[in-house]
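A.B. asks: From the sequence below, what's the structure:
(chains A, B, C, D, E and F)
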4 protein chains.
Amino acid sequence: MKKPNARQRLLDAAADLFTERGYGVVGINQIIDKADTAKASFYHHFPSKECLCATWLEDAHDRAEARQMELLESDGSGGEKILRYFELLKTWLTTKDFRGCPYSNTAASLDNESKAIQEQVVLHKNSLRTFFIELAGQDVAGSEEEARKLGTSLFLLYSGAAIEAQNLRSEWPVDAAIECVGDLLDRYEGAAVVGGCGP
Amino acid sequence: MKKPNARQRLLDAAADLFTERGYGVVGINQIIDKADTAKASFYHHFPSKECLCATWLEDAHDRAEARQMELLESDGSGGEKILRYFELLKTWLTTKDFRGCPYSNTAASLDNESKAIQEQVVLHKNSLRTFFIELAGQDVAGSEEEARKLGTSLFLLYSGAAIEAQNLRSEWPVDAAIECVGDLLDRYEGAAVVGGCGP
Amino acid sequence: MKKPNARQRLLDAAADLFTERGYGVVGINQIIDKADTAKASFYHHFPSKECLCATWLEDAHDRAEARQMELLESDGSGGEKILRYFELLKTWLTTKDFRGCPYSNTAASLDNESKAIQEQVVLHKNSLRTFFIELAGQDVAGSEEEARKLGTSLFLLYSGAAIEAQNLRSEWPVDAAIECVGDLLDRYEGAAVVGGCGP
Amino acid sequence: MKKPNARQRLLDAAADLFTERGYGVVGINQIIDKADTAKASFYHHFPSKECLCATWLEDAHDRAEARQMELLESDGSGGEKILRYFELLKTWLTTKDFRGCPYSNTAASLDNESKAIQEQVVLHKNSLRTFFIELAGQDVAGSEEEARKLGTSLFLLYSGAAIEAQNLRSEWPVDAAIECVGDLLDRYEGAAVVGGCGP
DNA sequence: CATGAATGAGTTTTCATTCAT
DNA sequence: CATGAATGAAAACTCATTCAT
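C.D. replies: Prediction:
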């Protein structure tokens, strides 16, 4: 009997295995086993393991941007949304056995020779930073310049929290990042008020 | 012909290759080629590739702690030292082709099954956080509690800057982290002054 | 270039090499060389060297049972068939450069840790003993009990003749076993006559 | 501190490891570890692993001959001594985890290229056969010719019992051999009486 | 007598990929 | 679209042996 959607099953299997065990550690045999697919079907849909990985990251990025858009357009202040996003990281970490950012992890497993993958990493990371800057601009920072600074700081704290939670296999780095975010929000919200309501 | 010091040559080769290309990507064949050593010499000195890696990280940690101690005991204010440490990250990154933290990268390449390596990662990361807390305590933060908070934030920013510089192959994340550090120092130094010089 | 039937060629090569040189001494490199097969083709068909060996013994056992069945159903008295089977051992030994029983030899090369192989050895040896008991029951022994005793003795003499012919690189142990078989047949055939035709 | 008798410790370690795990499976590292000896000490006392093995078998043979001599000169009838010797095999097997004859096992692990080892095997096996013939001559068989025949049969039964006990990891082959020995003794003792006391 | 680092050739096994059907 | 046998290269690791001291 033939099963359809071999391509999607491969992507799903790859998504699970790559995030939970890492790009370098997972072989395509594991992937096709999990996807219940023939080996040649794999190479029918994807020219290489590297390309499958890039496609996975591309798809994951699309999903991530959708979620971010949703959050951006949701109710609540910018500060609340920022904290909500950091909280999401915690649930991700506990769900995925403390494997942090798939993009960072994949890049770290690589030889700096996979152009296609690196491109996706850069794409996603720039987009994530932009997302934080937009979030920071929503009634938090007083100017575009300040939103850029605050958003970038949030981006770095988020990344730092993700890897260190992975390294230490603990949630506390995310909590500490949230604390720091509070400090930064205080500072920039204050500025926003001052900058916004001067005489 | 026989050459002595195979062990050290192996450690040196491994240090270079693991930092510049990654634990998973580098095979022991590359290591012994670079070290100009027989394969059996490798296994005479190290029971496994994993153990070589753990030894490398252990040694690197010792050197890192020595450098940190030196910085802690050097002249200058805490704030100056903090910035100096972030500047060191930039020179590291440009030297090492934008490969960030060896501990994070190694952990990211792993299957979460290498106890020995993970132990070294945890050891180093905890030590690095402690270092930042001590730095934060040097005439910056007003209380132990605040030093802990500030130091932890610095730790996370440092880690975030390191991976994102790697991901984006650029120095700017470190510069952005330095900017954010400035904001945080303002906040905590202000507190330190207020706490220290009240009437 | 690709050649089909790699699996069978591997089994054939393994059969020859394992019987003539021994399981422990033969590496899979020799096997794939003789089979003219890529190494990965080997592991495509067999999960391990140990499993190839078990498969070889299983196949060999099937062939052995077929030959035994043939002999059991052939013409002649039980005693004649027994002697014919011992004669077959002599031709085997001279053909295979005095390597005796593949099952015993393989088991002797082992660490007592290969469950799959040991299972095949036990299977074959029990079957061989049963074969001798059936042979002994064919107009030789007077009772089932006597057939069991005689058959078991034949089984042990056969095994003893096989290893000692191997150890001493000579046929005489088989001839001596045949002599002893004659003595035993005298005794049990005598008993069979006495038991069978008493007044 | 220096420990004497390195040579003897090596022989003792080799004896244990070779009998219990097999010549092919045991590496010299295991031997020197167990003997607590430096690697070069090994090669100081023995030119090769093969030679160590031959020396072990030679020593074991000397001890075996001493035990056989003792049994030959002990009290009791030839038949009793024969049975006693088969009983010894049972205690050996249970002590050594059902590893049978070290000579047969070593020969089976070999490539038929170790002249030194094969020589020891032949030496021991011939001597063992002679021992059984002498035992058979002690008030059992009626003539030298009959002693030769009976002794050789005992030799083969003994060998067969040893390997099959090993193959099947059970004592029953030895018990079955003992039963068969009883049958043979009946036959030849009868002959001895007839031959010895005819009118 | 004893040491232990160093070695070259070998081991079994896995990788990502391609082929004919 | 789908299959699974076949592959060359490389992976980690072990072997018995030799060397300078």
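A.B. asks: per-domain residue ranges of chain A.
C.D. replies: Using automatic domain parsing, the domains assigned to chain A come out as A:1-46, A:54-196.
A.B. asks: give me the number of residues near A:Tyr154?
C.D. replies: Wrong residue type there; residue A:154 is Leu, not Tyr. Using other CB atoms under 10 Å in any protein chain shown, A:Leu154 has 28 neighbouring residues. Heads up, the C-betas are built off the backbone N, CA and C, glycines and all.
A.B. asks: so it sits right up against A:Asp183, yeah?
C.D. replies: No. The criterion here is CB atoms under 8 Å, and A:Leu154 misses it with A:Asp183 at 11.7 Å.
A.B. asks: Contacts only, for the spatially most central residue of chain A.
C.D. replies: The centre of chain A sits closest to A:Cys101, judged by CA atoms, centre = their mean, with a distance of 5.5 Å. Contacts for A:Cys101 were tallied using CB atoms under 8 Å, 6 or more residues apart in numbering or on different chains; they are A:Ser159, A:Ala162, A:Ile163, B:Ile163.
A.B. asks: The helix or strand the last one falls within to helix A:144-168, inter-axis angle?
C.D. replies: It refers to B:Ile163. For B:Ile163, the host element (DSSP states H and E) is helix B:144-168. With axes from the mean of the first three to the mean of the last three CA atoms, to 10 degrees applied, the angle from helix B:144-168 to helix A:144-168 works out at 90 degrees.
A.B. asks: what packs against helix B:144-168?
C.D. replies: Under the contact criterion of 3 or more CB pairs under 8 Å, 6 or more residues apart in numbering or on different chains; DSSP states H and E, helix B:144-168 touches helix A:102-109, helix A:115-137, helix A:144-168, helix A:172-196, helix B:78-95, helix B:102-109, helix B:115-137, helix B:172-196.
A.B. asks: Would you mark the buried spots in the second one?
C.D. replies: Residues of helix A:115-137 classed as buried: A:117-118, A:120-122, A:124-125, A:128-137 (neighbour count, 16 or more other CB atoms under 10 Å in any protein chain shown).
A.B. asks: Any residue of it touching DNA strand E?
C.D. replies: No. Helix A:115-137 does not reach DNA strand E (CB under 7 Å from any atom of the strand); its nearest approach is 11.3 Å.
A.B. asks: quick one, that helix and helix A:102-109 angle?
C.D. replies: Here the directions of helix A:115-137 and helix A:102-109 differ by 140 degrees (the same axes, to 10 degrees).
A.B. asks: any idea how far helix A:115-137 is from the chain center?
C.D. replies: 9 Å (CA atoms, centre = their mean, to the nearest Å).
A.B. asks: can you tell if that helix touches chain B?
C.D. replies: Yes. Counting by CB under 8 Å from any CB of the partner chain, chain B is contacted by helix A:115-137 at A:Gln118, A:Val121, A:Val122, A:Lys125, A:Asn126.
A.B. asks: hmm, back to that, the helices and strands packed on helix B:144-168 into a markdown table, with extra columns for mean pLDDT?
C.D. replies: A markdown table is the format used below for these (pLDDT from 0 to 100):
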| stretch | mean pLDDT |
| --- | --- |
| helix A:102-109 | 96 |
| helix A:115-137 | 96 |
| helix A:144-168 | 97 |
| helix A:172-196 | 80 |
| helix B:78-95 | 96 |
| helix B:102-109 | 97 |
| helix B:115-137 | 97 |
| helix B:172-196 | 80 |
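A.B. asks: Would you format the ones you listed as JSON lines with distance to B:Glu65 included?
C.D. replies: What follows is the helices and strands packed on helix B:144-168, written out as JSON lines (distance: least, CB to CB, whole Å):
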{"stretch": "helix A:102-109", "distance to B:Glu65": "23"}
{"stretch": "helix A:115-137", "distance to B:Glu65": "31"}
{"stretch": "helix A:144-168", "distance to B:Glu65": "17"}
{"stretch": "helix A:172-196", "distance to B:Glu65": "21"}
{"stretch": "helix B:78-95", "distance to B:Glu65": "13"}
{"stretch": "helix B:102-109", "distance to B:Glu65": "13"}
{"stretch": "helix B:115-137", "distance to B:Glu65": "6"}
{"stretch": "helix B:172-196", "distance to B:Glu65": "21"}
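A.B. asks: Now do the same contact list for the closest residue in space to A:Asp183 that isn't next to it in sequence.
C.D. replies: Excluding its sequence neighbours, the residue lying closest to A:Asp183 (CB to CB, 6 or more residues apart in numbering or on different chains) is B:Arg187, at 6.1 Å. Applying CB under 8 Å, 6+ apart to B:Arg187 gives the contacts A:Asp183, A:Asp186, A:Arg187.
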